[in-house]
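Undergrad: Pasting the sequence and the predicted model now:
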Amino acid sequence: MEYYISNTEDAIIIKPLISESPLLELDNIKVPTLEKLLVDCISDRIVYGAQHEEAAGIFENAVKEYALNLNKLKRYAGRRNKMEEIVQLLKE
């Protein structure tokens, strides 16, 4: 990934969608919810490598600034086998 992305400032990464991913429809376009992005930040270290190191701060800001659906967050975290990590970040 570093080989392809390091040569450009604008890169688009396309990955298969995990089944039961929390999505939101805006203007007939499906986009990921904040809950999905937070879990993916923990789950996909290759794609979100830089953000993974700042996960605690990202989670703290998300909880302070936005109304998270904790049921949706935990359900998707369970789907990605990251429940323990997500619960720990929420406690912090």
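TA: Okay, I see it.
Undergrad: Let me see the ranges of the strands in this protein.
TA: Chain-ordered strands for the chain, with DSSP state E as the definition, fall at 23-26, 29-32.
Undergrad: List of residues touching the last one?
TA: If I follow you right, that is strand 29-32. 21, 22, 23, 24, 25, 40 (C-beta atoms under 8 Å, 6 or more residues apart in numbering). Yep, even glycine has a C-beta here, placed from its N, CA and C like the rest.
Undergrad: Can you list the strands that it pairs with?
TA: With DSSP bridges as the test, strand 29-32 is paired with strand 23-26 (antiparallel).
Undergrad: Low-confidence ranges, the protein, go.
TA: Residues of the chain that meet the criterion pLDDT under 70 lie in 1-8, 45-53.
Undergrad: Quick check: the gap between the residue positioned nearest the centre of it and residue 72.
TA: Nearest to the mean C-alpha position of the chain, by C-alpha atoms, centre = their mean, lies residue 37 at 2.2 Å. Distance of residue 37 to residue 72, given as C-beta to C-beta, to the nearest Å: 12 Å.
Undergrad: what about residue 32, neighbour count?
TA: 16 (other C-beta atoms under 10 Å).
Undergrad: could I get the strands of the chain as TSV with distance to residue 89?
TA: Below are the strands of the chain laid out as TSV (distance: least, C-beta to C-beta, whole Å):
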stretch	distance to residue 89
strand 23-26	22
strand 29-32	18
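Undergrad: Which one of those strands lies nearest to residue 15?
TA: strand 29-32 (11.1 Å; C-beta to C-beta).
Undergrad: Which stretches in this structure count as helices?
TA: 2-5, 34-43, 49-53, 55-65, 70-79, 83-91 (DSSP state H).
Undergrad: Redo these as a markdown table? Include distance to residue 14.
TA: Shown next, in a markdown table, are the helices of the chain (distance: least, C-beta to C-beta, whole Å):
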| stretch | distance to residue 14 |
| --- | --- |
| helix 2-5 | 12 |
| helix 34-43 | 14 |
| helix 49-53 | 17 |
| helix 55-65 | 23 |
| helix 70-79 | 19 |
| helix 83-91 | 25 |
